[in-house]
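Need a 3D model of the sequence below.
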Amino acid sequence: MTAANLFPESILQIAQEQAANATQEAQKIQLKADKATRIQKLLENITMFAIRGWILHLLNVINKEKT
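Numbers count the residues shown, from 1 in each chain. This next block holds a predicted model:
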């Protein structure tokens, strides 16, 4: 505890650790959301190309996803 800070150092350390953990968790969740969005867009494209009969587009989008 210092004159400028009324909280004990241990409390500040716990708060910093919790903030770091929350940041890591948010990053993991964001990665999952990004992956889900990519999969959704892929499936939308596959569906649209299949409905329209655009076989080459369909093959192209599938081939891109493999790489």
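
Look at residue 37 and say how many residues are nearby.
10 (other CB atoms under 10 Å). Yep, even glycine has a C-beta here, placed from its N, CA and C like the rest.

Helices of this protein, start to end?
Assigned by DSSP state H, the helices in the chain fall at 9-52, 55-66.

Any chance of a markdown table for these, columns mean pLDDT?
Converted to a markdown table, these look like this (pLDDT from 0 to 100):
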| stretch | mean pLDDT |
| --- | --- |
| helix 9-52 | 96 |
| helix 55-66 | 91 |
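
number of nearby residues for residue 45?
The burial count for residue 45: 18, using other CB under 10 Å.

Tell me who's in contact with the nearest residue to it once chain neighbours are set aside.
Nearest-residue entry for residue 45: residue 61, 5.0 Å, with adjacent residues in sequence omitted and distances by CB to CB, 6 or more residues apart in numbering. Residues counted as contacts of residue 61 (CB atoms under 8 Å, 6 or more residues apart in numbering) are 42, 45, 46, 49.

The third one against residue 60, yeah?
No. Residue 46 sits out of contact with residue 60 when judged by CB atoms under 8 Å, with a separation of 10.8 Å.

Tell me the buried residues within the contacts of residue 61.
Listed as buried from the contacts of residue 61 are 45, 49; burial here means 16 or more other CB atoms under 10 Å.

Between the contacts of residue 61, which sits nearest residue 55?
Residue 55 has its nearest neighbour among the contacts of residue 61 in residue 49, at 7.7 Å by CB to CB.

give me every residue that touches the closest one.
Applying CB under 8 Å, 6+ apart, we find residue 49 in contact with 55, 57, 58, 61.

And the last one, how far from residue 52?
Using CB to CB, to the nearest Å, residue 61 is found at 12 Å from residue 52.

how far does stretch 12-26 sit from the chain's center?
18 Å (CA atoms, centre = their mean, to the nearest Å).
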